[in-house]
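Novice: fold the stuff below for me.
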Amino acid sequence: MKSWNLNKGLQALIFAVTLLPAIASAGIFDDDEARKAILDLRTKIAALSTKLDAKLDDKADKTSVLELSNQNEQLRSEIAALRGQIEVLMNELANAQKRQQDFYIDLDKRLRALEPKKLTVEGREVTIEQSEQRSFDAAMSLYKAGQYANAASAFTAFTLNYADSVFASQAQYWLGNSFYAQRDCKNTITALQTLLKNYPDNAKVPDAMLNIAACQLDLKDKKESRKTLMAVIAKFPGTDAAQAAKNRLPSTK
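Specialist: Down below sits the predicted model:
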């Protein structure tokens with residue numbers, strides 16, 4: 001009867017260990033609970049093994065001893081298999097823990113990439129959305145790579161999507177320059193005149209006016225070109241832009 005009880009106990013134990021990996025992988029246990037269950041199993045296995053050894057030592061009858069010896073060997077094999085399952089479960093838990101850690105690290109990076117950030121633009125400390133920063137940087141990268149048509153499209157999109165951006169005036173200036181690099185003088189003049197109208201205090205205004213004057217001259221409008229150059233000299237005396245305007249005046253006669 002005692003041997004039968006031991007076998008029944010072992011069967012229940014085997015069932016529990018077999019079921020444990022599925023439960024752990026299903027997320028029912030957290031790490032602490034899984035470890036506690038594993039330690040529980042190890043304790044039960046050790047107790048069962050000790051009990052079997054004690055029972056074997058207590059038996060005087062040779063037939064009973066032989067029978068119990070066979071049962072003991074079988075049970076030891078099953079215990080060894082259970083220990084192997086425990087090791088597999090421990091490895092699965094370690095891998096799951098690593099995957100969870102990697103997931104949270106990746107999630108944190110993604111969330112940080114969406115957070116607004118502070119920076120200084122034209123002497124002002126501002127907070128901008130990172131999507132806004134990426135959009136402007138992408139347009140500038142196209143311009144620097146000499147892809148002026150694509151840069152013009154990117155700057156146009158930026159001025160429409162981020163009309164109130166701290167980068168809006170810069171985008172307008174580089175939009176004009178993207179057209180200027182393509183010798184598209186009509187669009188250059190339109191884009192840079194928008195800069196002068198909407199952002200008259202922007203530091204790029206003198207350069208923008210020089211480019212406007214150059215385009216006006218290319219379009220054979222010497223009168224307007226000269227007028228623009230004179231405005232640069234009047235508004236920005238003593239600057240490099242004013243000197244450049246003076247140097248260009250003879251070409252407008």
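Novice: what about residue 141, neighbour count?
Specialist: Residues contacting residue 141 under the criterion other Cβ atoms under 10 Å number 13. In this view, the C-beta of every residue, glycine as well, is placed from N, C-alpha and C.
Novice: cool, and residue 81?
Specialist: 12.
Novice: which helix or which strand is home to it?
Specialist: Residue 81 is located in helix 62-114, with elements delineated by DSSP states H and E.
Novice: and that helix, what's its mean pLDDT?
Specialist: Along helix 62-114, the predicted local confidence has a mean pLDDT of 68.
Novice: which stretches in the stretch 101-250 of the chain count as strands?
Specialist: Counting by DSSP state E, counting those that start in this stretch, residue ranges of the strands within the stretch 101-250 of the chain are 117-121, 124-128.
Novice: worst average pLDDT in those?
Specialist: Among the strands of the stretch 101-250 of the chain, strand 117-121 carries the lowest mean pLDDT (a mean of 56).
Novice: list the contacts of residue 175.
Specialist: Residues in contact with residue 175, defined by Cβ atoms under 8 Å, 6 or more residues apart in numbering, are 152, 155-156, 159, 191.
Novice: per-domain residue ranges of the chain.
Specialist: Per automatic domain parsing, the domain ranges recorded for the chain read 2-114, 118-252.
Novice: hang on, the earlier thing: tell me which of the contacts of residue 175 fall in helices.
Specialist: Of those, the ones assigned to helices by DSSP state H are 152, 155-156, 159, 191.
Novice: biggest separation within the residues you listed, which pair?
Specialist: For the ones in helices among the contacts of residue 175, the maximum inter-member distance is 10.8 Å, found between 152 and 159 (Cβ to Cβ).
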